[in-house]
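Engineer: how does the following fold in three dimensions:
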Amino acid sequence: MTGAFLGIVISAMATGLGAIPVLFLNNVSSRLKSLLLGYASGIMMAATTFSLIPESLKSSNIWVLSFGMLLGTFVLNIINSKTENLDTSDFKFLSGVDRKTLVIVTAITLHNLPEGLSVGVSYGTGEDNLGAIIAFAIGLQNAPEGFLVAIYLIHQKLSKMKSLLIASFTGAVEIVTAAIGYFLASEVEGLVPFGLSFAAGAMLFVIYKELIPESQEDNHVKFPTYSFILGLLSMLYLTIQFG
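Structural biologist: The predicted structure is shown next:
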């Protein structure tokens, strides 16, 4: 159980670890932000396409995958529309954050809940090394998500430490669902494919609706495009090597 607990915590906190580099960034210009968004988009696209979707299909079918992805897209669409006129000054910790950033933070948090469940269930089944493999795969994609959240928050003039804490929180929620998955593995195992496909749909919505369009706002759009491809190839390489 100790090994499972460590694996769950490390996987969840990889989001916060991924955000640590922002502590060393003195300034995030619009051009640098576009490059980083392009790179993060590529990583998250690869993680969704080559990790979340295949894992969901492996233990279910195309109908489960389709339902989960459409549900994830639908939920994020609702969140996006409901936050259009939201005044973030009502939330002390997020005061001054614009709607787009709030959607990103919410999306990453929701996206992490089913991922935590899959890690917990993987450890709870007791199959040799399965939990460690899934935890490593999820942790691998959590790191760039944390960096992405922190970049958005810093660009909104939040302090580096507050940005790091919020980014860490979006990943820490995995610990709760991972614990549920671990102790109720036999009862919730069937939910994992739905959860992973939901996460895939939510992530694709964010990539298509928010990240890629914003990465193209800079006048020199070709560089973020190359950055996107490099991010995709980077994650694909890591998936092949360690997936």
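Engineer: hey, let's count contacts and neighbours off CA atoms from now on
Structural biologist: Will do.
Engineer: let me see the residues that make contact with the least confident helix or strand in the chain by mean pLDDT.
Structural biologist: The least trusted helix or strand in the chain, going by mean pLDDT, DSSP states H and E, turns out to be helix 185-188, with a mean of 70. Taking Cα atoms under 8 Å, 6 or more residues apart in numbering as the criterion, the residues outside helix 185-188 that touch it are 120, 121, 122, 124, 125, 181.
Engineer: output the residues you listed as JSON lines; include the columns distance to residue 30 and pLDDT.
Structural biologist: Below are those laid out as JSON lines (distance: Cα to Cα, whole Å; pLDDT from 0 to 100):
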{"residue": "120", "distance to residue 30": "39", "pLDDT": "83"}
{"residue": "121", "distance to residue 30": "41", "pLDDT": "79"}
{"residue": "122", "distance to residue 30": "41", "pLDDT": "77"}
{"residue": "124", "distance to residue 30": "45", "pLDDT": "77"}
{"residue": "125", "distance to residue 30": "46", "pLDDT": "69"}
{"residue": "181", "distance to residue 30": "41", "pLDDT": "81"}
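Engineer: which one of these has the most neighbours?
Structural biologist: Counting neighbours by other Cα atoms under 10 Å, residue 120 leads the contacts of helix 185-188 with 32 neighbours.
Engineer: and which of the contacts of helix 185-188 is nearest residue 12?
Structural biologist: Distance to residue 12, by Cα to Cα, is smallest for residue 120 among the contacts of helix 185-188, at 11.0 Å.
Engineer: now whichever strand or helix holds residue 41: buried residues?
Structural biologist: Taking DSSP states H and E as the criterion, residue 41 maps to helix 30-47. By 16 or more other Cα atoms under 10 Å, the buried positions in helix 30-47 come out as 31, 33-47.
Engineer: again with stretch 18-25
Structural biologist: 18, 19, 20, 22.
Engineer: next up, the contacts around residue 131.
Structural biologist: 4, 7, 119, 120, 121, 122, 123, 124.
Engineer: do that again at 10 Å, thanks
Structural biologist: By Cα atoms under 10 Å, 6 or more residues apart in numbering, residue 131 lies in contact with 3-4, 7-8, 118-125, 137, 182.
Engineer: what angle do helix 30-47 and the host helix or strand of it make with each other?
Structural biologist: Residue 131 belongs to helix 130-155 when assigned by DSSP H and E. Interaxial angle, helix 130-155 versus helix 30-47 (axes from the mean of the first three to the mean of the last three Cα atoms, to 10 degrees): 160 degrees.
Engineer: any idea which helix or strand comes after helix 130-155?
Structural biologist: helix 160-183.
Engineer: how many residues are close by residue 107?
Structural biologist: 22.
Engineer: quick one: which helix or strand includes it?
Structural biologist: Here residue 107 is assigned to helix 99-124, by DSSP H and E.
Engineer: my read: residue 37 touches residue 104, true?
Structural biologist: No. Proximity of residue 37 to residue 104 does not meet the contact threshold set by Cα atoms under 10 Å, at 11.9 Å.
Engineer: are there residues contacting both of those two? Which ones?
Structural biologist: 148, 152, 207, 210, 211.
Engineer: excluding covalently adjacent residues, which one is nearest to the second one?
Structural biologist: Think residue 152. Once flanking residues are discounted, residue 152 sits nearest to residue 101: 6.1 Å by Cα to Cα, 6 or more residues apart in numbering.
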